[in-house]
Structure formats: structure tokens, C-alpha cells
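*Asks:* Make a model of this:
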Amino acid sequence: MATAADFASWAVPDLIITLGERDFIVRPPSVDDMGKLLACAVRGEVGLGIVNGPIPPEVQEVLDSIKGEHPALGGTYQEMVDAGVDSMTIDRMAYYSVFYWTRGKEYADRIAMLLWGRETLDTDGSGEPAPKG
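*Replies:* Purely as a prediction, here's the structure:
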């Protein structure tokens, strides 16, 4: 008898943001949100001088469509607000999430270290980011 294949090992894992003693779980973005995150990543890279501007009009159109939503953090945004996380930390986590989902963990970690310094990331004592399990 044939059984259905389990594709769980292929699924994109959640992003777990640990703040103090609390873990906030950010689910992978939907297809629609991913397009918005890619536009946000372009805006971020232009703003940081990583790529030359200006932002292309079609990308700006996607950015302009983002109103009252948080595609990088999804429902976790409201959980952070309800938990009393300060707005600057939420903004940083949203920024990190944009690059995490669009460019990968290593890139997001590099940007975070560049913007906020090594103290924002856990280290394993060697000065390098600690592996996340």
C-alpha cells in the first residue's frame, strides 16, 4: 500500500526571534507577501547604498500598495506590540525579517551587524554569530 509523501522536511522553517525569555515565531511569507518583501529589500538596499538607486517605478508601485500591514513579520507584529516590545526593536526585527526571507539568514545577519553592531546578535564566544538550532 502506497502512502502519501511527507514534504515537511522541504518546507521553509519559521523564523524564531528570541527577545529576552520570549520566542516570537514568524511564519514564512505568503506568495503575495513575498513580492512585497522583495520590493522592501530593494528599498532597503538602495537606502543603505548597497545598490544604486533610484528605486524602479514598478518596485515603488508595490511599496505604495503596502498599507497597514506588516508583510515581514505577519501576525507576529501584533504579538510583539501586545507584548510591549518597543517600536525600535520591532522595526529592527521587521528589517531583519525582510532580508532573512528575501536574501537568507547569512545576509540578514551581515546587515544587522552592519547597522546595529555585533551586540545585537548572539555570539559563540569567537566573535562570530552563534549557530541557530
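*Asks:* which SS class is the most centrally placed residue in the chain?
*Replies:* The centre of the chain sits closest to residue 97, judged by CA atoms, centre = their mean, with a distance of 0.6 Å. In the three-state summary, residue 97 is assigned as helix, counting by DSSP: H, G, I helix; E, B strand; the rest coil.
*Asks:* do you know how far it is from residue 80?
*Replies:* Residue 97 is 11 Å from residue 80, where distance means CB to CB, to the nearest Å. Bear in mind the C-beta positions are built from the backbone N, C-alpha and C, glycine included.
*Asks:* Give the residues shared as contacts by those two.
*Replies:* residue 73 (CB atoms under 8 Å, 6 or more residues apart in numbering).
*Asks:* Buried residues of the host helix or strand of residue 101, list them for me.
*Replies:* According to DSSP states H and E, residue 101 maps onto helix 87-103. Counting neighbours by 16 or more other CB atoms under 10 Å, one finds that the buried residues in helix 87-103 are 90, 92-103.
*Asks:* Stretch 21-37 too?
*Replies:* 24, 26, 29, 33, 36, 37.
*Asks:* So what would you say the end-to-end distance of that stretch is?
*Replies:* Taking CA to CA, to the nearest Å as the measure, stretch 21-37 stretches 28 Å from start to finish.
*Asks:* Report the distance from that stretch to the chain centre.
*Replies:* 7 Å (CA atoms, centre = their mean, to the nearest Å).
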